[in-house]
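Student: Could you look at this predicted model? Sequence included:
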Amino acid sequence: MTKKPVRPEVKNPARPLEPILYPDGKTRCPWPGSDPLYVAYHDTEWGVPEWESRALFEKLLLDGFQAGLSWITILRKRDAFRTAFDGFDPERIARYTQKKLERLMQNEGIVRNRAKIESSITSARAYLELEEKIGFSSYLWGFVDGRPQQNGFRKITEVPAQTAVSEKISKDLKARGFNFVGPTIVYAFMQACGLVNDHLVGCFRYEECAALAKGR
């Protein structure tokens, strides 16, 4: 009986853990890979302190839609989301009817998850209440004393998935009526909106985002 040849096991290359030098000569965090859209997001948005309440609201909702998916999936659909959700106007979202919800469920350009869409409506109502009382931006930034936290991680493996602060924010948001705001989602939101600076030391954006924090 002839034995079948044994094929050598093909291993996927290990993902880089430290900042890497890109073809354009800049050293970046490794997670954007070579996707131009992701690289642009890393270079211009991620980690930049966001102080505007409406922009923070949009990002929190999009992070909720990301649950169970990758951020690049949401990023590619972001323009479609903005159109479908009326520019993420919380006053309009708070008044969405069942008819509007069903139209959203038929929109192939977004993530058609009924629970997440319904959550955006209840979260918009919670946002409006918070915005009227103390301001959504002031509320969120109050958890970090109004100043971006500067971390000094050198490897991806050092970056936490959640922290005590994200757990605290998550718990408080849920108590106020927000959904899809678990501590891991909240920490990803904090990273993206610059409440924490989690660019790796060595990434060219680390010092730039730190300087933005000092300028506030």
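Tutor: Arrived safely, thanks for sending.

Student: elements contacting the helix ranked longest in the chain?
Tutor: The helix spanning the most residues in the chain, taking DSSP state H as the definition, is helix 114-133. Judged by 3 or more CB pairs under 8 Å, 6 or more residues apart in numbering; DSSP states H and E, the packing partners of helix 114-133 are helix 53-66, helix 90-93, helix 98-105, helix 136-141. Quick note: C-beta positions are derived from backbone N, CA and C, even for glycine.

Student: This protein: strands as residue ranges?
Tutor: 20-21, 27-28, 149-150, 196-197 (DSSP state E).

Student: mean confidence score for the third one?
Tutor: It stands for strand 149-150. Mean pLDDT, strand 149-150: 96.

Student: Before we move on, what's the pLDDT of residue 128?
Tutor: 98.

Student: Same question for residue 14.
Tutor: Per-residue confidence at residue 14 stands at 75 (pLDDT).

Student: what sits against it?
Tutor: Residue 14 sits next to no residue when contact means CB atoms under 8 Å, 6 or more residues apart in numbering.

Student: re the thing from before, out of the strands of the chain, nearest to residue 103?
Tutor: Smallest distance to residue 103 across the strands of the chain (CB to CB): 36.7 Å, for strand 196-197.

Student: Please report how far the residue most central in space within the chain lies from residue 172.
Tutor: The C-alpha lying nearest the average C-alpha coordinate of the chain belongs to residue 189 (CA atoms, centre = their mean; 4.2 Å). Per CB to CB, to the nearest Å, residue 189 is found 13 Å from residue 172.

Student: just residue 86 next, same as before
Tutor: 27 Å.

Student: just residue 188 next, same as before
Tutor: 17 Å.

Student: what about the two, which has more around it?
Tutor: When residue 188 and residue 172 are compared for neighbours, residue 188 comes out ahead with 20 against 15, by other CB atoms under 10 Å.

Student: In space, what's closest to the more buried one - neighbours in sequence excluded?
Tutor: Closest residue to residue 188 apart from its sequence neighbours, by CB to CB, 6 or more residues apart in numbering: residue 63 at 5.6 Å.

Student: got the contact list for residue 122?
Tutor: With CB under 8 Å, 6+ apart, residue 122 has these contacts: 177, 178, 179.

Student: circling back: relative to helix 53-66, how tilted is the longest helix of the chain?
Tutor: Here the directions of helix 114-133 and helix 53-66 differ by 160 degrees (axes from the mean of the first three to the mean of the last three CA atoms, to 10 degrees).

Student: shaky segments in this protein?
Tutor: 1-13, 215-216 (pLDDT under 70).

Student: which residue packs closest to residue 182, ignoring adjacent ones?
Tutor: residue 170 (5.7 Å).

Student: Reformat the helices and strands packed on helix 114-133 as a markdown table; add mean neighbour count and distance to residue 33.
Tutor: A markdown table is the format used below for the helices and strands packed on helix 114-133 (neighbours: other CB atoms under 10 Å; distance: least, CB to CB, whole Å):
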| stretch | mean neighbour count | distance to residue 33 |
| --- | --- | --- |
| helix 53-66 | 21 | 17 |
| helix 90-93 | 18 | 33 |
| helix 98-105 | 13 | 30 |
| helix 136-141 | 20 | 29 |
